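> Would you be able to build a 3D model of this:
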Amino acid sequence: MPLVGEIFLSEILKKPVFDQKGEDLGRIRDIVVVKGITLPDLESIIIERKKTFYCLDYKTLTVFNRRIITTTITKEQLPQYEHNDHDLLAVRDILDKQVVDVNGAKVVRVNDIKIEAYKGSAVFVAIDVGMRGILRRFGIEKKGENFLNLFKIPLPFNLIRWDYLQPLSPRLTSISLTLTQQMLSKVHPADLAEIINSVSREEGAAFFHQLDIESAADTLPELQPETQLEILSSMDTERAADIIEEMSPDDAADVLGDLPAIRTQEILETIEPEDADNISELLCHEHDTAGGLMNTEYLLYPETATIKETIEKIREDAKDFDVIYHVYVSGGDERLVGVITLMQLFLNDPELNLGDVMETNVKSLRPDDDEDMVAAMISKYNLVAIPVLSDGQRMIGLVTVDDIIDQILPPSAKRKRKKI
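Numbering: from 1, shown residues only. As a prediction, the model looks like this:
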């Protein structure tokens, strides 16, 4: 058992290896790792002497720690090593690679690797993705810790256990975590999108495909347009349709608006007809108009309905709504005639009709009103939502304050939808 306790990879790189007589055999340049197991074994170490590489089996080591490494092999017995793409190497294939830290909801880099003794072997137990790993590689971990202590700033260990990592293969460009759906469900969709946007498209697509339908539907609108396009173009139509169907109509229209018309039609034909009609209606409007910004999910009930009946209907109709601001009221001819806040519903007599308690001075928009008009109306009247009406005064949609904020101050992941 040459290794007792623990070491980090950076602590042994470039360290000399000695034979039993104390002769320097060469400096450690890399480590060959056993592939495909939960805690990879250190198979052998690669050393360099006079620009020639040699390989030492771990079983030949007699002492292996951060201060001294010795072997039973003599200089004459050293087998040469030829680099190849089949071996998994710690420095070449793991160090400095990107990895998703789901706890921090970000992409980080492998700064160091922790190695421990286990059942007579040396195994990789964790990757260091924190500042300690960087300082350790420069040989100033202790100095950095002492300096920060002067300001009472702790220098934490930021390790990701190896059993959270997926099995590795040589020549990886990044490393993925083994993530459970429970872990993913705790990460905000915007953070998931940032992770996906931070890695290569292939890796981002693979990460996205791990998401369940609901998480995928929440995350897709947050992605960069080209990433959305690539993911939906490569995905089978049925899964794409399931994700689109789970999204709000306005978000779905934003995403589908950049797809080729044929692909959009394939997806729309696969989802429920009512959802497809709502999305198709939104796709007919210019992106920077009230019609292009509006959502077709809203609550509209007749003025003759009682408050009690309305509350019961809301419980049924609004199960899939993200948020409810108001209840809108229609007259006998289905024209919009009033609006009621949720507070008004709960504070008034349950037997009263909606028409008895509604506000009749309803501010509204036309589908072709531009985004400046939308923003001006919401700002002037301090609204959180404003209905969009057809020429016949019938309600066809609702623009919320977050819709117009996203349009006027779009984050980098947003884009403008094409009219089709």
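> what are the ranges of the helices in the stretch 301-420 of the chain?
Ranges of helices within the stretch 301-420 of the chain are 307-317, 342-347, 354-357, 371-380, 401-408, based on DSSP state H, counting those that start in this stretch.
> And the first one, what does it pack against?
If contacts are counted by 3 or more Cβ pairs under 8 Å, 6 or more residues apart in numbering; DSSP states H and E, helix 307-317 sits against helix 342-347, helix 354-357. C-beta coordinates here come from the backbone N, C-alpha and C atoms, glycine included.
> what sits up against it?
Helix 307-317 is contacted by residues 299, 301, 305, 324, 327, 345-346, 348-354, 357 when judged by Cβ atoms under 8 Å, 6 or more residues apart in numbering.
> returning to that earlier point: need the helices and strands packed on helix 307-317 in a markdown table (columns: mean neighbour count, distance to residue 157 and mean pLDDT).
Formatted as a markdown table, the helices and strands packed on helix 307-317 follow (neighbours: other Cβ atoms under 10 Å; distance: least, Cβ to Cβ, whole Å; pLDDT from 0 to 100):
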| stretch | mean neighbour count | distance to residue 157 | mean pLDDT |
| --- | --- | --- | --- |
| helix 342-347 | 13 | 48 | 91 |
| helix 354-357 | 18 | 60 | 95 |
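> So which of these is nearest residue 122?
Nearest to residue 122, of all the helices and strands packed on helix 307-317, is helix 342-347, at 62.6 Å by Cβ to Cβ.
> Show residues contacting whichever strand in the chain runs longest.
Looking across the chain with DSSP state E, the single longest strand is strand 24-33. The contact list for strand 24-33 (Cβ under 8 Å, 6+ apart) reads 9, 12-19, 40-49, 53-56, 69, 71, 73, 75, 78, 87-92, 94, 124, 168.
> ok, back up a step: generate a PyMOL selection restricted to the buried entries among the contacts of helix 307-317.
For the buried members of the contacts of helix 307-317, the matching PyMOL selection, counting by 16 or more other Cβ atoms under 10 Å, is:
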select buried, resi 299+301+305+327+345+353+354+357
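> Would you point out the most distant pair within the contacts of helix 307-317?
324 and 351 (22.2 Å).
> Flag every buried residue along the longest strand of the chain.
25-26, 28-33.
> Now distance to residue 257 and pLDDT too, for the residues you listed, in JSON lines please.
As requested, those are arranged in JSON lines below (distance: Cβ to Cβ, whole Å; pLDDT from 0 to 100):
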{"residue": "25", "distance to residue 257": "64", "pLDDT": "96"}
{"residue": "26", "distance to residue 257": "61", "pLDDT": "96"}
{"residue": "28", "distance to residue 257": "55", "pLDDT": "97"}
{"residue": "29", "distance to residue 257": "52", "pLDDT": "97"}
{"residue": "30", "distance to residue 257": "49", "pLDDT": "97"}
{"residue": "31", "distance to residue 257": "50", "pLDDT": "96"}
{"residue": "32", "distance to residue 257": "50", "pLDDT": "95"}
{"residue": "33", "distance to residue 257": "47", "pLDDT": "91"}
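> ok, which pair from those residues is furthest apart?
Most distant of the buried residues of strand 24-33, by Cβ to Cβ, are 25 and 33, 21.0 Å apart.
> Could you find the closest non-adjacent residue to residue 299?
In this structure, residue 299 finds its nearest non-sequential neighbour in residue 327, 4.8 Å apart by Cβ to Cβ, 6 or more residues apart in numbering.
> for residue 214, that is, sorry about that
residue 246 (6.0 Å).
> who touches that neighbour in this structure?
Applying Cβ under 8 Å, 6+ apart, the residues near residue 246 are 213-214, 216-217.
> Separate out the buried members of these.
By neighbour count, with 16+ other Cβ under 10 Å, the contacts of residue 246 hold 216-217 as buried.
> Tell me the one of the contacts of residue 246 nearest residue 60?
Looking across those and measuring by Cβ to Cβ, the closest to residue 60 is residue 216, at 50.2 Å.
> ok, the residue lying closest to that closest one once chain neighbours are set aside to residue 107 distance?
Excluding the flanking residues, the one nearest residue 216 by Cβ to Cβ, 6+ apart is residue 243, at 4.9 Å. According to Cβ to Cβ, to the nearest Å, residue 243 and residue 107 sit 23 Å apart.
> higher neighbour count, those two?
Of the pair residue 243 and residue 107, residue 243 is the one with more neighbours under other Cβ atoms under 10 Å, namely 27 against 19.
> Check the gap between the more buried one and residue 91 for me.
Residue 243 is 40 Å from residue 91, by Cβ to Cβ.
> do residue 282 as well
Relative to residue 91, and taking Cβ to Cβ, residue 282 is found at 52 Å.
> and the closest residue to residue 367 other than its chain neighbours, what is it in contact with?
Nearest non-adjacent residue to residue 367, counting by Cβ to Cβ, 6+ apart: residue 291, 3.3 Å away. By Cβ under 8 Å, 6+ apart, residue 291 lies in contact with 282, 284-285, 367-368, 388, 396-397.
> Let's see that with 10 Å instead.
Counting by Cβ atoms under 10 Å, 6 or more residues apart in numbering, residue 291 makes contact with 281-282, 284-285, 365-369, 388, 390, 396-397, 399, 419.
> Could you do residue 47 as well?
Contacts of residue 47 (Cβ under 10 Å, 6+ apart): 15-17, 24-30, 53-56, 69, 71, 78, 81.
> now the helices for the stretch 51-200 of the chain?
90-93, 131-137, 141-150, 181-185, 189-198.
> and the residue positioned nearest the centre of the chain, what does it touch?
Nearest residue to the geometric centre of the chain (Cα atoms, centre = their mean): residue 192, 1.4 Å. For residue 192, the contact set (Cβ under 10 Å, 6+ apart) comprises 100, 102, 105, 184, 207-208, 210-211, 215-216, 218-220, 222-223.
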